Structure formats: structure tokens, C-alpha cells
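Visitor: Quick one: sequence plus predicted model below, questions after.
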Amino acid sequence: MNRVRKMVMLALITSQALVLHLIEGFMPVVAPGMKLGLANIMTLVSLALFGFKEALVVVIVRSVLGSLLAGSVTAMLYSLAGGILSCLVMAGLYFRWKAYFSMMGISTAGAIFHNIGQLVVASLLFGTVGILFTYLPVLTIAAVGTGFFIGLVSKYIIRYLEDQKWFKWERG
Amino acid sequence: MRMPIKVGDLVVYFFAAALIVVGLLGMYVMGTESSDKNVVIEVKGKEVYSCRIYKDMAPVEFRVDAGDGQYNIVLITYEEVRIKEANCPDQVCVKSGPIRFAGQAIVCLPHRVVVKITAGQGETPDVDDIAS
């Protein structure tokens, strides 16, 4: 793909991830740290359509800009830690063992590791391991549900985009 | 796209189940056992207040000062511990409601305040603990 076109596509994906990140901020909070992870859709899409490096860039830019627009420095730390860890895990699963995983499985694993990353940073900031234990079960249950849903959404988006004539031609 | 769920997905779900079990076990190990509980309040990882919860205790209202005019008011009674009021932007700590059992915690991320219930004879030995 043409360098400029690739850059434009990535910029579009990043801005969509950013918008999803912000929309998510308006949603009511059931438990602290529990959220849908809508921005993860765009991470998965960029992972599948472009590759690991591009997806990581999307995650980092989205976390930094998202926290600047709505949030705080600590929110940025949580977002970055969770995002980078989940991106690493999802890339590993996607490129190593793609045959054994469906999009839902990869997305669920990503969601779980997003929580783990956030909790590790939270534990470091608070200086206790306690919150890791008290929140991990709740967050993991939530991650299985949201991860499945997010995986399903991204599966259809990826399938749709790959079928597009212009995209095939672009990739060519 | 033949099978909606593949082998690897099951691995992920088992991993999730294992995490839940480990988390619950960790909670169990840290909490429960003895009936007496302590409330510990930490700001930025440093303990600022701790007290024992016992029957017929008078309710305690503790104002946590997190610096820069940030505060959380913690209400401690025998039945439950909750954050009554706070001036943090998200109010998650107030909305998360009361905690009752050892191992539970209320966290206020913006102020970096943790209110947790710990079990057993913690860091505050009491006068009425009779040596056997």
C-alpha cells in the first residue's frame, strides 16, 4: 500500500478509536475500571489489516490524546499500561496462533490483559497488592463478556473492510 | 469461520476462570478467618489512619486529606464502611457504596485514596487484647 494512503487510513482508524474512547467516557460506570473497551475494536482492526507496529502506534496515540481530551495523567498511565499490554498479547495470539483463536478469543484475552495492566499500574501507584486481588475477579468476569462482544464486532468490521474492492486494490 | 469457538478460545476462558479463582482465593486468604476487622486508610500508598472495628463502637467519621484541598469523608460503623462524601471528579468512591468484609476495599483513583478492611490483629494491637 502506498505510504500516504496507509498513513491516512491509520489516521482515520486512530481518530475513530479516539472517538470511541471518548464516547466510552460518557457511559455510566458500573464498577471502577469496568468498561466496554470500544476503542479495542480499532486496535483489533489495525492489528488485522496492518500489523503489530501500526496497532501499537494507534493504541499509544489514542491513549495519550484520549487522556488529554478527557481525563488526567493517572488516567493516561492506566490507559497506556492496559492498552500496550493488551496490544502485545493480542498481537502475539493473532500472529503466532491465529489458527487456534477466533477474533472473540483474542479480544477477550486482550481485555483480560488490559485489566491486568491497569491493576499492576494501580498497585504500583497505591503501593499495595490488595486491590489486585479484590478487583481482578470482577473485572475478569466483565472482560469475558465485553471481550466476546468486541471481538464479534471487530470480526465483522475486518471481514467487511477486507471485502471492499478499494481496500483490496489499495493493499494490492 | 466454520466454528464460532476454537480451541484457543477455550484456553482463554480457562485462563479467565483460573484468574477469577486465584483472585477470590487471594481475597479469602487476606480476609476472613478471625472476626475482628481493621479499617486502614491509605493516601498515595502511605497509611494515614487505621482503627479496629468492634461491636457497639461509636460511628467514626474520618476526613481524609489527600492534599491540594482534595478530601474524602469516610464513615466507619460496626456494620459497614463507606465514603460519605468526596470532592473527586468522578465520585466513583462514593457511588461504589459500603464495604463490609475483610479483604474489600474502596478506591478513589483521582485522590489515590484506598480504604480497606483487613482481618485479624493488624498493626493496631488493642489494650483489651488479653494475653493468653
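Guide: Arrived safely, thanks for sending.

Visitor: From residue A:90, how far off is the nearest residue to residue B:110 once chain neighbours are set aside?
Guide: In space, and not counting its chain neighbours, residue B:110 is closest to residue B:88: 4.2 Å by C-beta to C-beta, 6 or more residues apart in numbering or on different chains. In this view, the C-beta of every residue, glycine as well, is placed from N, C-alpha and C. According to C-beta to C-beta, to the nearest Å, residue B:88 stands 32 Å off from residue A:90.

Visitor: Name the residue in these two with the higher neighbour count.
Guide: A count of neighbours by other C-beta atoms under 10 Å in any protein chain shown puts residue A:90 above the other of residue B:88 and residue A:90, at 30 against 19.

Visitor: you'd agree the more buried one is in a helix?
Guide: Yes: secondary structure of residue A:90 (DSSP: H, G, I helix; E, B strand; the rest coil): part of a helix.

Visitor: Name the helix or strand for the closest residue in space to it that isn't next to it in sequence, please.
Guide: Once flanking residues are discounted, residue A:90 sits nearest to residue A:110: 4.1 Å by C-beta to C-beta, 6+ apart. Using DSSP states H and E, residue A:110 maps to helix A:103-126.

Visitor: Also residue A:14?
Guide: Residue A:14 belongs to helix A:3-26 when assigned by DSSP H and E.

Visitor: For that helix, buried residues please.
Guide: Neighbour counts over helix A:3-26 (16 or more other C-beta atoms under 10 Å in any protein chain shown) mark A:9, A:10, A:13, A:14, A:16, A:17, A:18, A:20, A:21, A:22, A:24 as buried.

Visitor: Likewise for stretch A:96-104?
Guide: By neighbour count on 16+ other C-beta under 10 Å, the buried set for stretch A:96-104 is A:101, A:102, A:103, A:104.

Visitor: Point me to the residue of chain B nearest chain A.
Guide: Nearest to chain A in chain B, going by C-beta to the nearest C-beta, is residue B:45, at a distance of 2.8 Å.

Visitor: Does residue A:90 touch residue A:47 like I think?
Guide: Yes: under the criterion of C-beta atoms under 8 Å, residue A:90 makes contact with residue A:47 at 6.1 Å.

Visitor: I'd like to know which residues of chain A are adjacent to chain B.
Guide: Applying C-beta under 8 Å from any C-beta of the partner chain, we find that chain A lies next to chain B at A:29, A:31-32, A:72, A:74-75, A:78, A:93, A:97, A:99-102, A:104-105, A:108-109, A:112, A:122, A:125-128, A:130-137, A:140-141, A:143-144.

Visitor: Buried ones among the residues you listed?
Guide: Among those, those scoring as buried are A:32, A:75, A:78, A:93, A:101-102, A:104-105, A:108-109, A:112, A:122, A:125-126, A:128, A:130-137, A:140-141, A:143-144 (criterion: 16+ other C-beta under 10 Å).

Visitor: On the pLDDT front, check residue A:128 for me.
Guide: Looking at residue A:128, its pLDDT reads 68.

Visitor: do residue A:44 as well
Guide: Looking at residue A:44, its pLDDT is 91.

Visitor: Secondary structure element holding the closest residue to it other than its chain neighbours?
Guide: Leaving aside its chain neighbours, residue A:44 sits nearest to residue A:154 (3.9 Å; criterion: C-beta to C-beta, 6+ apart). Assigning secondary structure by DSSP H and E places residue A:154 in helix A:130-163.
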